[in-house]
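Trainee: Dropping a prediction and its sequence here:
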Amino acid sequence: MSSRILLFVLLLFAVSCISVEVCDESYDSEVIVKFKTMQEGGAVDSTISAFTLYGIREGTDYSLLYDSVPASGFTAPLDPGQEASMFVVQVNSQTDTILIYHQQEIYLISYTCGFANRFTLDHLESRGGIISGDTILKETVDAEDKTNEEHIWIYF
């Protein structure tokens, strides 16, 4: 009887020493874009009263990310399966297509959390006429970067 109790205590002790890593953070690589307007003093923050954004991925339906909301920018995931991420921007009744060209690197975060993407932004292209320009401020979009720094400015 005492050997069973001793065995139980030893097993309990051994199990209590095992730690399990829990991955409770999101490791999505999302680009942070802010809207700007050019004025005499330079670039000024801008807010759009009715902003809609669709993400477009090859082989899937459009993904509505923002729906007619007031916005001074947006945060969106980049497409890991392509060399460019495509978005359709609607400002009031006008539309524009944004292509964000990038390179991708996949890296291991940990055994429990798995892999993440690190993107390096190359350049932007817009088709539609409501976007007058852009500036890439920070080229690297990394899943582990939690600073919320702006990556891109888009000028209207």
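Mentor: That came through fine.
Trainee: What's the local residue count around Gly128?
Mentor: 14 (other CB atoms under 10 Å). C-beta coordinates here come from the backbone N, C-alpha and C atoms, glycine included.
Trainee: got it, and Gln90?
Mentor: Neighbour tally, Gln90, other CB under 10 Å: 19.
Trainee: which residue sits closest to it, ignoring its sequence neighbours?
Mentor: Thr52 (3.9 Å; CB to CB, 6 or more residues apart in numbering).
Trainee: Just the pLDDT at the one you found, thanks.
Mentor: Thr52 carries a pLDDT value of 94.
Trainee: Could you grab the helix/strand/coil label for it?
Mentor: The three-state label given to Thr52 by DSSP: H, G, I helix; E, B strand; the rest coil is strand.
Trainee: and stretch 71-86, how far from the chain's centre?
Mentor: Distance of stretch 71-86 from the chain centroid (CA atoms, centre = their mean, to the nearest Å) equals 7 Å.
Trainee: Quick check: mean pLDDT of that stretch?
Mentor: Per-residue scores along stretch 71-86 average to 92.
Trainee: quick one, longest strand in the chain?
Mentor: strand 94-110 (DSSP state E).
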